[in-house]
Each structure stands twice: as structure tokens, then as C-alpha cells.
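# sharing a model that was predicted from the sequence below.
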Amino acid sequence: MRTRPLKVALLGCGVVGSEVARIMTTHAADLAARIGAPVELAGVAVRRPSKVREGIDPALVTTDATALVKRGDIDVVVEVIGGIEPARTLITTAFEHGASVVSANKALLAQDGADLHAAAEAHNKDLYYEAAVAGAIPLIRPLRESLAGDKVNRVLGIVNGTTNFILDKMDSTGAGYQEALDEATALGYAEADPTADVEAFDAAAKAAILAGIAFHTRVRLDDVYREGMTEVTAADFASAREMGCTIKLLAICERAEDGGSVTARVHPAMIPLTHPLASVRGAYNAVFVESDASGQLMFYGPGAGGAPTASAVLGDLVAVCRNRLNGATGPGESSYAALPVSGMGAVVTRYHISLDVADKPGVLAQVATVFAEHGVSIDTVRQQGKDGEASLVVVTHRASDAALGGTVEALRKLDTVRGVASIMRVEGE
Ligand SMILES: NC(=O)c1ccc[n+]([C@@H]2O[C@H](COP(=O)([O-])OP(=O)(O)OC[C@H]3O[C@@H](n4cnc5c(N)ncnc54)[C@H](OP(=O)(O)O)[C@@H]3O)[C@@H](O)[C@H]2O)c1
């Protein structure tokens, strides 16, 4: 074993960074044995230097992250600050000054992954980010390496623990969205400003990263269709239950049936209770991968939290350090397939549509005609009437989102349709 240590600069020492530092210390001997050289924490960049940080030598703490990454003797920079800047500049500066990088930053990778990979490649360095998607769950490496000989057709996952906690609460207790959100906030599962989670920005970033890796194609954040889960109601859950389904916020990355394009989307969807993702409870994450040769695979575990996320960071750190000792780099960006990324209109799936209609003869026939005119075939219809008004629940066979959109637009124009109460996609069948 080499005795000269590999030097690690830790940028950020918050929820994740503090756990990275702790495990680097408590597992130092094992890490050294696995890498073939000891790893040394050479500096820790933070915003508030006076904060007491257990187990961290105060002499290592600095507010000058730029100077730390420019030192020239750093082997690996671990970026766990988050956000776009200064993280982006610090990472590119790290490459320029000879370091490889491990990051947990989904927002940055989803937005600027291509540029960051190019910078890593230009300097012959590694950029690893297992922790950026689904916390502790090994996903990036299995997609990049274990499935490198297979053809992935679909990635379907619950990649945000906060929203899964809220939806699970709504499902199991009958609570409304706000009540479930309040509980998630009180228990620390939701942040004071939950927008990134509940409006699915976080899940969309992860979908962009997963789709890019799964399909060897650059998928930008803007390419991902995004719909949050704030409009999901207790009534939607009741409808889902009648169909033998539950509701999950899903990230879905798919290859088109002809293989010529891909789509990436994030939205609430009904899934059958028999689907493995339906049993993912609380704040857990799970990702279902379908590929040609392997068939169906499911990856499950804690998608966030300091220690679980640090586990993924440390796994990357070991891999990057090994590469470094071998004078090699691991797999970089793979975007050779360069498939076109289609918009939501091209997505083909089933739909559950709940309509408020007048309770009189002929309405059902009128509604059915609109579906038929737009080429959307109906699977089941359920009608409940009361006081001259009725609710009509239509479940369709597979149709394109564009055809469904046209159908709904035409339905809204019918005198007998008072409103479209909800539209939800049905997945996982
Ligand atoms: N938390 C999770 O469960 C989780 C899961 C998966 C991925 N991630 C990702 O991991 C990253 C870190 O998340 P986190 O939850 O650990 O965040 P956090 O608790 O807010 O920690 C951020 C750290 O960065 C430091 N920092 C902020 N701005 C800085 C600057 N300009 N220069 C130097 N240091 C700066 C902060 O310093 P102070 O300590 O002085 O404030 C803090 O130590 C993010 O990209 C996040 O998306 C987090």
C-alpha cells in the first residue's frame, strides 16, 4: 500500500458533508485498504467558519473554497455545497488544478452536466455523482457500468422522498395535501419552502440525469416535462383505490416503441397496487429499470439523509481514488446515441379522467363520441349522479398525450361538461 495519502478537499460540511467527513475518519483504515493508499482530509470549505463542527480539525476549515481547490496538491474535490454557483466554478477550477471531482449536486449536473463532463475530459479527470440521484441507492453506476452491455428501455422511479412521504400519508390516512405536507414539515421531511420537491423540480433534475445515462443521450432539464403534486386530492386517491391503484410522483424516462427517440417526464400518476413501486412507503425511493436482456430490475432504499447520501459519496471517492492511483479515469459522459428527445405530446400511456357533467340522458354518448373523434379508446366508464349533476370517470386505453390533450380541450367545450375535475396518467401496467 502507498503510504503517501491522497488529499481530499471537502467543499461544504452540512447535512451530507459532515457525514462524509465523519465516515472518512471512522472508516479510515478500511478506506485505505480498499483504495490502496490512505485518504487525508486536506481542507473543508464552509460559509460560516465559526460554527462548531464535531470531529473536524478547525485548522482545516476555510471560507476560501477557491483557494482550496487551487492548491495544486488536492487529488479529489468533494462538492457538497449544492446549487449552481459557486459549485460550478469550483468544480471546473478543481479540474484545471489537477483534481478529480465527486459531487452530490443534482441541480448542477442536470443543468450543466455536459459542460462539466467536457471540462473533466479536457483535463483527463473523473467526475462522479452517484449521490446526485436517489441518495444511497446505487443507480448511476449500475446504469453506467453494470448495464453497459444491455439496452435500457425504461426507467420508472420514485426519486423524491418528501413527495412520497406526503402521498403515502394521503393514501394511508385519507388526509388532504396540505395536512400531509404540514406533517412532513413537522417531521423534517419537507423543507420550510417545499417548492423544489412538491413542484417536482428536484425529481425533474434527477430524471434528466437518469435519462441521459440510460439512453446515452444528452437530456437537458428543459427537455423534462414536469408537473408537481400539489393538485392531488383525497378524491383522486379514492378514485385510484377503486381501480386497485395508488398515486405516486413518478419520474419516467422512456425509449419510444420504435427506438428512435426518448422522453423524460415527472408527474403524479396512478400505479396498480400490484406494481413493486406501489409498496414504496414513507420517504423511501425506488427505481424500476427495464432493459432488453435483464428484464425488470428494481433499486430501493433511502433517497436522502446525511449518512445514506454520504455512503454514495464515499463509494465514488473510493472509485476515483483507485482510478487516480492507477493513473486512469473511469467512464465519462456517454452521449454517442444522441437520440432526439421528444416532448410530452409523443408520450403514450393510459389516462384516468374525472369529469363533472350534467346528469341527463345522452351525456355519456356525447362524451364517448369526443373520445372516439380524437382516436382515444375508452377502457372503462363509471358514473355517479346526484341532484342533476354527475361525475363521470373515464379510463382510457393507451393513447398519445397529444390525442388526450385534444380530447380534453373538446370535452371542455361541451355544454353538458361542467368541468374537468382531474386528469391523471395511469402507469406501470
Ligand atoms: N441532504 C440530503 O439528504 C441530500 C441528498 C442527496 C443529495 N444532496 C445534495 O448534496 C448537496 C449538499 O446538500 P446538504 O443537504 O448537505 O446541504 P447543506 O446542509 O445546506 O450544506 C451545505 C454546505 O455548504 C456550505 N456552503 C454553502 N455555500 C458555500 C460557499 N459559498 N462556500 C463554501 N461553502 C459553502 C455550507 O456552509 P455552512 O455549514 O457554513 O452553512 C454547508 O456546510 C446538495 O447538492 C444536495 O442537493 C443532499
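Thanks, I have the structure now.
# for Arg418, helix, strand, or coil?
Following DSSP: H, G, I helix; E, B strand; the rest coil, the label given to Arg418 is strand.
# ignore the last one, Pro138
Under three-state DSSP, the three-state class of Pro138 is coil.
# please apply the same query to Asp356.
Quick answer, by three-state DSSP: Asp356 is strand.
# helices of the stretch 51-200 of the chain, residue ranges please.
Assignment of helices within the stretch 51-200 of the chain using DSSP state H, counting those that start in this stretch yields the ranges 65-69, 87-96, 106-122, 140-141, 161-173, 177-186, 195-198.
# out of those helices, nearest to the ligand?
helix 65-69 (4.5 Å; C-beta to the nearest ligand atom). Where you see a C-beta, it was placed from the backbone N, CA and C, and this is true even at glycine.
# what packs against the closest one?
strand 6-11, strand 39-45, helix 87-96 (3 or more C-beta pairs under 8 Å, 6 or more residues apart in numbering; DSSP states H and E).
# excluding its own residues, what touches the helix or strand following the first one? List them.
Right, the one you point to is strand 6-11. Using DSSP states H and E, the helix or strand that follows strand 6-11 in sequence is helix 15-26. Contact partners of helix 15-26, identified using C-beta atoms under 8 Å, 6 or more residues apart in numbering, comprise 8, 10-11, 13, 31, 39, 41, 44, 53-56, 78, 80, 104, 131, 305-307, 309-311, 313-314, 317.
# in the stretch 51-200 of the chain, which residue sits nearest the ligand?
Per C-beta to the nearest ligand atom, the residue of the stretch 51-200 of the chain with the smallest distance to the ligand is Gly82, at 2.9 Å.
# how many neighbours does that residue have?
18 (other C-beta atoms under 10 Å).
# same thing with Gly295?
9.
# what do you get for the one 10 residues further on?
Applying other C-beta under 10 Å, we find 16 residues neighbouring Gly305.
# which residues are in contact with Asp236?
Going by C-beta under 8 Å, 6+ apart, Asp236 touches Ile247, Ser354, Ser422, Met424.
# specify the local secondary structure of the first one.
What three-state DSSP gives for Ile247 is strand.
# that older thread, burial-wise, tell me which of the helices of the stretch 51-200 of the chain comes out on top.
Comparing the helices of the stretch 51-200 of the chain by mean neighbour count (mean count of other C-beta atoms under 10 Å), helix 161-173 comes out on top with a mean of 23.
# what packs against it?
Using 3+ C-beta pairs under 8 Å, 6+ apart, helix 161-173 is in contact with helix 177-186, helix 195-198, helix 234-242, strand 245-255, strand 284-291.
# what's the mean pLDDT across the next helix or strand after the second one?
Read in the C-terminal direction, the helix or strand following helix 195-198 is helix 201-215, with elements assigned using DSSP H and E. Helix 201-215 carries an average pLDDT of 98.
# do the same with stretch 240-257
pLDDT averaged over stretch 240-257 gives 96.
# ok so, going back, could I get the helices and strands packed on helix 161-173 as TSV with distance to the ligand?
Formatted as TSV, the helices and strands packed on helix 161-173 follow (distance: least, C-beta to the nearest ligand atom, whole Å):
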stretch	distance to the ligand
helix 177-186	14
helix 195-198	9
helix 234-242	27
strand 245-255	15
strand 284-291	10
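# same list (these) but as a markdown table, adding distance to Arg265.
Listed next are the helices and strands packed on helix 161-173 as a markdown table, based on distance: least, C-beta to C-beta, whole Å:
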| stretch | distance to Arg265 |
| --- | --- |
| helix 177-186 | 21 |
| helix 195-198 | 17 |
| helix 234-242 | 18 |
| strand 245-255 | 5 |
| strand 284-291 | 15 |
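# coming back round to it: got the helices of the stretch 51-200 of the chain as CSV, with mean pLDDT columns?
Below are the helices of the stretch 51-200 of the chain laid out as CSV (pLDDT from 0 to 100):
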stretch, mean pLDDT
helix 65-69, 98
helix 87-96, 98
helix 106-122, 97
helix 140-141, 97
helix 161-173, 97
helix 177-186, 97
helix 195-198, 97
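# same list, those, but as TSV with distance to Asn326 please.
Converted to TSV, the helices of the stretch 51-200 of the chain look like this (distance: least, C-beta to C-beta, whole Å):
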stretch	distance to Asn326
helix 65-69	23
helix 87-96	19
helix 106-122	17
helix 140-141	17
helix 161-173	36
helix 177-186	45
helix 195-198	38
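# now the residue of the stretch 201-350 of the chain found nearest the ligand: how far from Gly14?
The minimum distance from the stretch 201-350 of the chain to the ligand, using C-beta to the nearest ligand atom, falls at Ala304 (3.3 Å). Distance, Ala304 to Gly14, using C-beta to C-beta, to the nearest Å: 13 Å.
# which elements pack onto the helix or strand bottoming out on mean pLDDT in the chain?
Sorted by mean pLDDT, DSSP states H and E, the helices and strands of the chain end with strand 378-386, the least confident at a mean of 87. With contacts taken as 3+ C-beta pairs under 8 Å, 6+ apart, strand 378-386 sits against helix 363-373, strand 389-396.
# let's see the shortest one as CSV, backbone CA atoms only.
Looking back up the chat, that one is strand 389-396. Provided in CSV are the C-alpha atoms of strand 389-396 (Å, rounded to 0.1, in the frame of the first residue of the first chain):
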residue,chain,number,x,y,z
GLU,A,389,-75.1,16.7,-11.7
ALA,A,390,-72.9,13.7,-12.1
SER,A,391,-69.3,12.7,-12.1
LEU,A,392,-68.1,10.6,-14.9
VAL,A,393,-64.8,8.7,-14.5
VAL,A,394,-63.3,7.6,-17.8
VAL,A,395,-60.2,5.3,-18.0
THR,A,396,-58.7,5.1,-21.5
